[in-house]
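**Student:** Prediction below, plus the sequence it came from.
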Amino acid sequence: MCGIFGYVGDRNASQILMQGLKDLEYRGYDSWGIAIANNGTINVIKRKGEISKAEDLCLEGRIGIAHTRWATHGVPSDINAHPHISYDGALAIVHNGIITNFEALRERLLKEEYKFSSDTDSEVLVNLIHSKMNDVGLLEATQAALTEVEGSYAIAVLSANHDYVVLAKKESPFLIGVGNDEMFFASDIMPMLDYTKKVITLHDGDTAVLTQNSFEVFNSDSKVTRSATSVPWSKKEAELGNFAHYMQKEIHEQERTIQEALRQPAETLEAICSSLKNAERIFITAEGTSLNAGMVFDLLLSEKGYMTKCLRASELRHHKNQITQDSVVVAVSQSGETADLISALKDIKEKNPKVVSILNRVGSHVEQLSDHVIYIKAGPEIGVASTKAYTGQIAVMYLLAGNLNGSLDETRSLLLSTAEKVHNILAESESEISRIVEELKGQRDFYFIGKGINHATALEAALKLKEISYIHAEGFAGGELKHGPLALIEKGVPVVVIAPKDSTYQDIISNAHEAKTRGAAIIGVSSETHTLFDYFVKIPENHSTIYPITSVVPLQYLAYKMAVALGKNPDKPRNLAKSVTVK
Ligand code: F6R
């Protein structure tokens, strides 16, 4: 999704901003731009295409704003790229989010003789702010303009004639980074990590004025205090090192990140478990990969007799009437900024349930909406396809379930032993995965089946494959096959069977039979091969591991290798963004 970065200080702003834009690349973008204020003018450079292709830019000036755009209103182009300037060049804006009533505002401004050169809602917004500047300052003009705006935004407004910027946030992430005699702001922590770890998260409805060494935040016209958090991430953690892609690096990092996820303060586990124990009903909600992890938690809790329901965040509102103040809603998210999740949590607020979040990023919007937060501590996840966050979420869920069960120590040892096996799983499955990729890379469809807790693995493995290799892939519960999907199976169609030797083994093998009889090529994921398997991906014996982790790791790797073999960039799948901050 779109990214914002900005600087107010003593250094050359354009150099800092260009580096920051590169740090935002991983979020996905189609165009980029920067605006620098200097001696009463604003200079703008903006382009469609990749930042890495930009020549070394050096504009004079010590205050500036920058943006990576992921097109919503208006096609990707130089003109539609941000920053946008007011018709007279006095103001510039970068904007994340969507202004839904921009057409009506545009019509009105056209009558007032404003002119527009792009198709964007953001250019309307900067001119609307300009139209309010008659007798008031930039902050008041921005606040007045925003009262007429519907939609979501994180905006930074730069003026040719002021040595400060004005920020505003509603439903789109926005952070201030407090440096040493310099200030930063960004939609994402990554570009600020080179300069500061002291970060302030703006809340919905906040506006802020940022100078080189101060910031003031306002909400509903009153000044408010927003305290700083220290971000426990370093830029080094986000370096690619010797890996070809971030996804490959993050798959291999899982041994360490699962171990990190296990380092949880006893009081955090206790507080969350006490809420879960007292809950009349537990709703688990998330999107995408985090939802698949949520399915694992759903089963872990329901095995222990808890009343649980796992729901896609965008669907939670349709079940709102079941939620009461005695419910607990567990929100799972890597970024803590997924718009569908934030909107779901706001939507159910009137029901007053306790909200427990399982998050990776510190200082997110979901954190603000939660009563308790547990962090998975996976560090920055740069690959768009989530891998280490998924296994970190599952590790934390097992830990919570173990604590609920009174078997925390045993669960922790089991998770540690699982983490230690990641390296071997990858090494031992490497050649079989290469063979699968080589022989099946021309296939149009892949199906994944699993039962019980392994159903989530089937869904997650299918999601990984489809999102980065663009091969059509679906995950099913094994028992579902004969109720429809079996019609899709014909000679040679790959069916990946998640078959650890647990209580689901016999049933899933019998589902594999059904597929094999119709000609499927069976890829078995198990600790032991079987005559049905045409390909065999070996995972360790089960009694010492957690299967939703050990079975998914080689399948993440399969997706990665398939994407690379097909010439796709696994870190930047088409049409997708790292965190989906618009609904
Ligand atoms: C898939 C993937 C997405 C995210 C989803 C939720 O690999 O990464 O499906 O899991 O967009 O994102 P978070 O976890 O940040 O809420």
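**Tutor:** Alright, I've got the coordinates. Numbering: from 1, shown residues only.

**Student:** quick one: low-confidence parts of the stretch 251-400 of the chain?
**Tutor:** Counting by pLDDT under 70, the stretch 251-400 of the chain contains no low-confidence residues.

**Student:** before we move on, what about the chain?
**Tutor:** 52-56, 73.

**Student:** For Ile144, which residues are in contact?
**Tutor:** Rather than Ile, residue 144 is Ala. Contacts for Ala144 (C-beta atoms under 8 Å, 6 or more residues apart in numbering) come out as 132, 136. In short, each C-beta sits where N, CA and C put it, glycine included.

**Student:** measure it to the ligand for me?
**Tutor:** 34 Å (C-beta to the nearest ligand atom, to the nearest Å).

**Student:** Got the domain ranges for the chain?
**Tutor:** Residue ranges for the domains of the chain, per automatic domain parsing: 3-231, 233-420, 425-575.

**Student:** For Lys583, find the nearest of those.
**Tutor:** domain 233-420 (4.6 Å; C-beta to C-beta).

**Student:** what about that closest one, distance to the chain center?
**Tutor:** 13 Å (C-alpha atoms, centre = their mean, to the nearest Å).

**Student:** can you tell me how far Arg435 sits from the ligand?
**Tutor:** Shown here: Arg435 relative to the ligand, a distance of 25 Å by C-beta to the nearest ligand atom.

**Student:** I figured Lys572 hits Ile382, correct?
**Tutor:** No. Counting by C-beta atoms under 8 Å, Lys572 does not reach Ile382; the two are 10.1 Å apart.

**Student:** what do these two both touch?
**Tutor:** What both Lys572 and Ile382 touch, as defined by C-beta under 8 Å, 6+ apart, is the set Tyr26.

**Student:** Turn the domains of the chain into JSON lines, including distance to Val582.
**Tutor:** Output for the domains of the chain, formatted as JSON lines (distance: least, C-beta to C-beta, whole Å):
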{"stretch": "domain 3-231", "distance to Val582": "6"}
{"stretch": "domain 233-420", "distance to Val582": "5"}
{"stretch": "domain 425-575", "distance to Val582": "13"}
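
**Student:** pretty sure Glu47 is in a helix, no?
**Tutor:** For the record, residue 47 is Arg, not Glu. No. Read with DSSP: H, G, I helix; E, B strand; the rest coil, Arg47 is strand and lies in no helix.

**Student:** partner residues bridging it?
**Tutor:** Arg47 has the following beta-bridge partners by DSSP bridges: Trp32.

**Student:** is it true that it touches His82?
**Tutor:** No. Here Arg47 lies out of contact with His82, judged by C-beta under 8 Å, at a distance of 11.2 Å.

**Student:** any shared contact partners between those two?
**Tutor:** Contacts common to Arg47 and His82, judged by C-beta under 8 Å, 6+ apart, are Gly33.

**Student:** of those two, who's got more company?
**Tutor:** His82 (32 against 14; other C-beta atoms under 10 Å).

**Student:** What residue, apart from its backbone neighbours, is nearest that one spatially?
**Tutor:** If the residues on either side of it in the chain are set aside, His82 comes closest to His67, at 3.7 Å by C-beta to C-beta, 6 or more residues apart in numbering.

**Student:** And for Met133?
**Tutor:** That would be Ala141: by C-beta to C-beta, 6+ apart, it lies 4.4 Å from Met133.

**Student:** if I look at that neighbour, how far off is Lys22?
**Tutor:** 32 Å (C-beta to C-beta, to the nearest Å).

**Student:** Ile79 now?
**Tutor:** 23 Å.

**Student:** tell me, how many neighbours does Asn352 end up with?
**Tutor:** Asn352, neighbours per other C-beta under 10 Å, totals 12.

**Student:** Who are the contact partners of it?
**Tutor:** The contact partners of Asn352, taken as C-beta under 8 Å, 6+ apart, are Gln325.

**Student:** Can you tell me how far it is from Ser343?
**Tutor:** Distance from Asn352 to Ser343, by C-beta to C-beta: 17 Å.

**Student:** got it, and Thr268?
**Tutor:** For Thr268, the distance to Ser343 - C-beta to C-beta - is 26 Å.

**Student:** Can you report how many residues neighbour Tyr29?
**Tutor:** Neighbour tally, Tyr29, other C-beta under 10 Å: 24.

**Student:** give the contact list for the residue nearest to Asn511 when sequence neighbours are not counted.
**Tutor:** Leaving aside its chain neighbours, Asn511 sits nearest to Gly478 (3.6 Å; criterion: C-beta to C-beta, 6+ apart). Shown in contact with Gly478 (C-beta under 8 Å, 6+ apart): 449-451, 455, 497, 504, 507-508, 511.

**Student:** Mind doing that once more with 6 Å?
**Tutor:** Residues in contact with Gly478 (C-beta atoms under 6 Å, 6 or more residues apart in numbering) are 449, 451, 508, 511.

**Student:** Could you do Gln393 as well?
**Tutor:** Here Gln393 is in contact with 293, 332, 358, 376 (C-beta under 6 Å, 6+ apart).

**Student:** among these, which are in strands?
**Tutor:** 332, 358 (DSSP state E).

**Student:** out of everything not next to it in sequence, what's closest to Gln443?
**Tutor:** Pro494 (5.6 Å).

**Student:** about what we covered before: with the contacts of Gly478 in mind, which one is nearest to the ligand?
**Tutor:** Ile449 (19.9 Å; C-beta to the nearest ligand atom).

**Student:** For Leu146, see how far away the closest residue to the ligand within the chain is.
**Tutor:** Evaluated by C-beta to the nearest ligand atom, the chain has Gly288 as its residue closest to the ligand, separated by 1.9 Å. Gly288 sits 31 Å away from Leu146, going by C-beta to C-beta.

**Student:** can you check Pro265 too?
**Tutor:** 39 Å.

**Student:** With neighbour numbers in mind, choose between those two.
**Tutor:** With neighbours defined as other C-beta under 10 Å, Pro265 and Leu146 compare such that Leu146 has more, 19 against 9.

**Student:** so what's that one closest to, chain neighbours aside?
**Tutor:** Ala168 (5.9 Å).

**Student:** what about that neighbour, how many neighbours?
**Tutor:** Ala168: 26 neighbours (other C-beta under 10 Å).

**Student:** and after the biggest helix by length in the chain, which helix or strand comes next?
**Tutor:** Looking across the chain with DSSP state H, the single longest helix is helix 408-440. With elements assigned by DSSP states H and E, the helix or strand that comes after helix 408-440 is strand 445-450.
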